[in-house]
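Undergrad: prediction below, plus the sequence it came from.
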Amino acid sequence: MDKAMLLDEFSLAITGSGGAGVMSVGELLLQAWAEEGGRGLLRKAFGPQIRGGEAAALITLTSHQRYTAASTHNLLLAFDWDNFNRFGDEIRLQPDSIVLCETPANMPDSVLALKPKIVALPFQELAKSAHPEGRVNMVALGVLGALLGIPVATLRALAIHKLADKVEDYREAALACIDVGVHGAPDLALSLPAVNAKKGWYVSGNQAAAYGALVGGVRFVAAYPITPASDVLEYLAAPLERLGGTLVQAEDELAAINMALGAAYGGVPAFTATSGPGLALMSESIGLAVASETPVTILDVMRGGPSTGIPTKSEQSDLNIALFGLHGDAPHLVLAPLSISDCVFTCAWSVQLAQRLQTAAIVLSDQFLGQSTAIIDPPPGPKAAVAEASATQTNNYLRYAIADDGLSSQSIPGDYDKRFTADGLEHNERGTPSAGARDHQQQLDKRARKLAALEPGDNWGETYGTGPVALMCFGSAAAALVTAYDKLLSAGMDCRVIALRLLAPLPVEQLMNALDGCSRIIVIEQNHSAQLLHYLRGYLEFSGKFYGVATPGPVPLSPAAIVTAVSEALNDE
């Protein structure tokens, strides 16, 4: 690359209709940047329609891999202005932004008022001049690739690979349009972040979570497609078969979770993926997993709610249902990956914990993590193998024996002399249904004890800094909060960050150690009702003050907004 590389971050947005090929341009452009050794994020934004509607590829090129939503965009390529208007909350320009478009006619007043550098290019004319079947999006790929200093050979090779199943004439048209776009690119000097000589992985959060499930040992998957979790199943289909596993597309979420429980009861590590509405449907059967002590892992790729809500936008609003949505006293695991890269470790660890503790694990990803694609360093896998449960009993088998650690030996159908009653009712140690107070108390204590004894080590979360103000979050909010933390320190605000990966059982001892010396806690989360704030208040014996900064979707959390909110919270004292 021969461009000046001065910025730590460069953000660009590509907008158009759902069928204009916007995402293809974004994907190929980020892949090409990855080939050059760069790091970056592609955030996919869609309208809520089932088909068609608006689409935006929001790309951030960086010299690091702490990925957040861009507060402003350095460059915009708008295929049309009607669809751009629908992303007014998510695409912010500034006076020195560059705007590429077919024509500035109908440009929104909000954009004109900023007086950006407007460059009109005849995209449609260039596409037709390149090939009778030429497409505007491939011309745009050539233009943007040239501006980013990406070799045309890289763009062409990636396009050929992506279009391998298309007819030759279609591929020829795409390549001709790329060439025309490269030659027709305006002469603009962009300041871009430095690249790394070492190539990274090009992966989405959903792909990373699926890979983590496989690494953790999952060999059976049943799920029902739901936005934004559907591509978890698409990714798992082929590798699961190669590993000798099985994937079933169920008729609905109720069937999916019960199929997973059936496989787990048979001794096969099982997994399903869904979003908030599907998690609500699964709640009774997740309770069955807890009561029957059958391990299962459920990935919830959260979206805006309630009900159908905003299926294509991100929100951390399923925390309460994940923590408290099961009937009765049903202790289980709840975890949340802190980044796209961390989806691998967190999902693998969740599967292993579920297997070890013989319970359900709910993993809270979200649309921002799941449907964004990033260039990452190869992530680590789990740090330890699955520990075995208590010693196997060979005589007078008691499936739910009252062990000191709460863990009893798990059998599978066909095990000699390990028969027991498998039922959803409360039971005694043998599994025989029982309404006795003593049996109920013992089994409640047993199920709670095995989770309370969990020693998560350093995996419970991540911490940064030692200041007296603790900024706390969970899941995908971590990257934005850590970036905001750097800005706050630069502004002279002494603080620390605590990002939770393990939410249930809440690692109270580790949290209190991490809070040592703190006088205030500010909880940052992306939901309306401050769910994490109220959860922490209920469990932490913290003598200082709590503050909440709860912002619902659909606009992702940004470091700039967090800095403003934290500054206001501190100044309100």
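TA: That came through, no problem.

Undergrad: neighbours around residue 555, how many?
TA: 17 (other Cβ atoms under 10 Å). For every residue, glycine as well, the C-beta is placed using N, CA and C.

Undergrad: for residue 251, that is, sorry about that
TA: 10.

Undergrad: what do you get for residue 470?
TA: Counted with other Cβ under 10 Å, residue 470 comes out at 24.

Undergrad: show me the helices in the stretch 301-450 of the chain, by range?
TA: Here the stretch 301-450 of the chain has its helices, by DSSP state H, counting those that start in this stretch, at 319-324, 342-357, 367-371, 437-452.

Undergrad: looking at those helices, which is closest to residue 558?
TA: The closest of those to residue 558 is helix 367-371. By Cβ to Cβ, the value is 11.2 Å.

Undergrad: what's the mean pLDDT across the closest one?
TA: Per-residue pLDDT values over helix 367-371 give a mean of 96.

Undergrad: and the contacts of it?
TA: For helix 367-371, the external contacting residues (Cβ atoms under 8 Å, 6 or more residues apart in numbering) are 43-44, 69, 204-206, 209, 228-229, 231-232, 301-303, 312-315, 337, 339-340, 343, 475-476, 556.

Undergrad: who's in contact with the helix or strand of the chain with the lowest mean pLDDT?
TA: Every helix and strand of the chain was ranked by mean pLDDT, DSSP states H and E. The lowest is helix 81-85, at a mean of 85. With Cβ under 8 Å, 6+ apart as the test, helix 81-85 has contacts from 15-17, 54-56, 76, 78, 91, 101, 106-108.

Undergrad: repeat the analysis, applying 7 Å as the threshold.
TA: 15-17, 54, 78, 106-108 (Cβ atoms under 7 Å, 6 or more residues apart in numbering).

Undergrad: how about stretch 494-514?
TA: 323, 332-336, 338, 346, 451-452, 454, 456, 459-474, 478, 481-482, 485, 488, 539-540.

Undergrad: same thing with stretch 235-247?
TA: So stretch 235-247 is contacted by 206-207, 210, 214, 219-221, 233 (Cβ under 7 Å, 6+ apart).

Undergrad: how does it look with 8 Å?
TA: Contact partners of stretch 235-247, identified using Cβ under 8 Å, 6+ apart, comprise 206-207, 210-211, 213-214, 218-222, 233, 263, 268.

Undergrad: do the same with stretch 153-170
TA: Contacts of stretch 153-170 (Cβ under 8 Å, 6+ apart): 24, 27-28, 31-32, 35-36, 133, 138, 141-142, 145, 171, 174-175, 178-179, 182.

Undergrad: can you rerun that using 10 Å?
TA: Stretch 153-170 is contacted by residues 24, 27-29, 31-36, 131-133, 135, 138, 141-142, 144-146, 148, 150-151, 171-175, 177-179, 181-182 when judged by Cβ atoms under 10 Å, 6 or more residues apart in numbering.

Undergrad: which of the contacts of helix 367-371 fall within strands?
TA: 43-44, 204, 301-302 (DSSP state E).

Undergrad: low-confidence ranges in the protein?
TA: By pLDDT under 70, the low-scoring segments of the chain are 1-7, 49-52, 197, 381-395, 572-573.

Undergrad: element containing residue 482, please.
TA: helix 477-490 (DSSP states H and E).

Undergrad: the next helix or strand after that helix to helix 342-357, inter-axis angle?
TA: The element immediately downstream of helix 477-490 (helix or strand, assigned by DSSP H and E) is strand 495-500. Orientation note: strand 495-500 sits at an angle of 50 degrees relative to helix 342-357 (axes from the mean of the first three to the mean of the last three Cα atoms, to 10 degrees).

Undergrad: against which helices or strands is the helix holding residue 482 packed?
TA: helix 367-371, strand 461-464, strand 469-474, strand 495-500, strand 520-525, helix 559-571 (3 or more Cβ pairs under 10 Å, 6 or more residues apart in numbering; DSSP states H and E).

Undergrad: now render the ones you listed as JSON lines, adding distance to residue 412.
TA: Putting the helices and strands packed on helix 477-490 into JSON lines (distance: least, Cβ to Cβ, whole Å) gives the following:
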{"stretch": "helix 367-371", "distance to residue 412": "32"}
{"stretch": "strand 461-464", "distance to residue 412": "34"}
{"stretch": "strand 469-474", "distance to residue 412": "35"}
{"stretch": "strand 495-500", "distance to residue 412": "34"}
{"stretch": "strand 520-525", "distance to residue 412": "40"}
{"stretch": "helix 559-571", "distance to residue 412": "48"}
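
Undergrad: relative to residue 352, which of these is closest?
TA: strand 461-464 (17.5 Å).

Undergrad: direction included, what does the closest one pair up with?
TA: strand 495-500 (antiparallel) (DSSP bridges).

Undergrad: report the buried residues of the partner strand.
TA: For strand 495-500, the neighbour count (16 or more other Cβ atoms under 10 Å) marks 495-500 as buried.

Undergrad: just stretch 26-39 next, same as before
TA: 26-36, 38-39.

Undergrad: closest one of those residues to residue 544?
TA: Distances from residue 544 to those, taken by Cβ to Cβ, are shortest for residue 39, at 37.3 Å.

Undergrad: thought the closest one was touching residue 60?
TA: Yes - between residue 39 and residue 60 there is a contact under Cβ atoms under 10 Å: 9.3 Å.

Undergrad: overlap of the contact sets of those two?
TA: 9, 30, 67, 193, 374.

Undergrad: redo those residues as TSV? Include secondary structure and distance to residue 444.
TA: Listed next are the shared contacts of residue 39 and residue 60 as TSV, based on DSSP: H, G, I helix; E, B strand; the rest coil; distance: Cβ to Cβ, whole Å:
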residue	secondary structure	distance to residue 444
9	strand	51
30	helix	50
67	coil	42
193	coil	54
374	strand	43
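
Undergrad: ok, so of those residues, who is nearest residue 564?
TA: Distances from residue 564 to the shared contacts of residue 39 and residue 60, taken by Cβ to Cβ, are shortest for residue 9, at 18.7 Å.

Undergrad: does that closest one really touch residue 61, like I thought?
TA: Yes - Residue 9 is in contact with residue 61 according to Cβ under 10 Å; the separation is 7.0 Å.

Undergrad: do you know how far the residue nearest the centre of the chain is from residue 42?
TA: In the chain, the residue lying closest to the centroid (Cα atoms, centre = their mean) is residue 369, at 2.5 Å. To residue 42, residue 369 is 13 Å away according to Cβ to Cβ, to the nearest Å.
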